[in-house]
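Engineer: the following comprises the amino acid sequence and a computationally predicted model.
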Amino acid sequence: MNTQQGRSGAVGAEHEVRAKVKEGYAAIAKSDATSCCGPKGGCGVRDDASELAQAIGYSAEELAAIPEGANLGLSCGNPGAIAALRPGETVLDLGSGAGFDCFVIGPKVGARGRAIGVDMTGEMLARARANVASYRQRSGLDNVEFRLGEIEHLPVADGTVDVVISNCVLNLSPDKPQVWREIARVLRPGGRVAVSDIVLLKPLPDAAREMVEALVGCVAGAALLDESLAWMRAAGLVDIGIRVKSDYLAAMESNTDPLYQRLLEVLPPGARASDYVASAEFTAQRPKARTGCC
């Protein structure tokens with residue numbers, strides 16, 4: 001196979017992954033199903049999205065303030081909480097879905113700040129935009145917007161964002177190194193990253209990676225921790241921190257979640273999903289601009 005054929009094959013595979021993800025999340029946007037990273041049968045651990053959100057770090061006050069229908073239970077962490085947000089900051093949410101995290105973040109950054117959500121699924125974008133009027137009425141703020149785009153090619157100018165967050169989305173990208181390069185590009189010097197995501201502790205069996213349900217459910221597309229760390233460094237990010245959390249997958253193990261049951265069928269005898277998969281919090285910073293003459 002020549003180089004051009006190899007590249008064409010890679011592009012085709014990336015397109016296929018995006019198509020599968022868009023199809024899965026379009027179905028979620030048009031339904032009332034709530035679970036993390038997928039419809040019922042995805043990797044959710046509770047039918048109640050509010051209960052799941054509180055279990056992974058959102059307060060009851062935050063959840064009460066967001067528009068009805070914004071929380072689809074598509075979270076595996078609370079990136080806004082680890083971002084230490086300040087009034088006046090511009091925050092970019094990668095894979096913003098129905099707008100959940102943007103609506104949580106908006107009041108934290110205040111009238112002088114801005115929360116920008118980017119999502120490639122038109123149905124999700126429509127749902128998020130439909131929630132904006134309710135957010136304005138509830139909060140008295142007009143500081144949230146949503147843009148159509150892929151996280152590998154962000155519709156955001158260079159160096160214009162103070163904080164980039166993402167919640168259980170980066171694992172779905174077929175070109176994760178490019179996502180990290182885009183994150184570094186849009187950040188201002190000194191800007192911060194706060195990402196909650198699903199990661200692999202060790203490689204999954206091939207059969208698990210081939211499951212479409214697992215892909216949309218944030219499992220098959222997850223990367224190894226060492227890979228993520230290398231991509232972040234290659235993008236030029238510094239002060240990198242990774243905190244692995246086991247409680248999320250442990251909760252799935254105690255539930256009759258259909259995706260978990262399917263994973264068990266393809267894992268070695270006696271193995272658990274938490275042997276392979278965990279949730280993690282990633283933090284990093286774009287280097288600050290140099291000052292002085294030397």
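Structural biologist: Noted; the coordinates are in hand.

Engineer: what sits against Ala60?
Structural biologist: Applying C-beta atoms under 8 Å, 6 or more residues apart in numbering, we find Ala60 in contact with Gln54. In short, each C-beta sits where N, CA and C put it, glycine included.

Engineer: give me the pLDDT for it.
Structural biologist: Looking at Ala60, its pLDDT reads 83.

Engineer: and the gap between it and Asn71?
Structural biologist: Applying C-beta to C-beta, to the nearest Å, the value for Ala60 to Asn71 is 12 Å.

Engineer: shaky segments in this structure?
Structural biologist: Filtered on pLDDT under 70, the chain yields the residue ranges 1-13, 17-48, 52, 55-56, 73-75, 210-220, 246-260, 291-294.

Engineer: just checking: what are the partner strands of the longest strand seen in it?
Structural biologist: For the chain, the strand with the greatest residue count under DSSP state E is strand 187-200. Paired with strand 187-200 in the same sheet, following DSSP bridges, are strand 161-167 (parallel), strand 223-224 (parallel), strand 277-285 (antiparallel).

Engineer: residues in contact with the closest residue to Leu224 other than its chain neighbours?
Structural biologist: Distances taken as C-beta to C-beta, 6 or more residues apart in numbering place Leu200 nearest to Leu224, at 4.9 Å, with adjacent residues excluded. With contact set as C-beta under 8 Å, 6+ apart, Leu200 has these partners: 222-225, 276-277.

Engineer: one more pass at 7 Å, please.
Structural biologist: By C-beta atoms under 7 Å, 6 or more residues apart in numbering, the contact list for Leu200 reads 222-224, 276-277.

Engineer: would you mind giving me the PyMOL syntax to select the buried ones in those?
Structural biologist: Remark: buried members of the contacts of Leu200, expressed as a PyMOL selection using 16 or more other C-beta atoms under 10 Å:
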select buried, resi 222+223+276+277
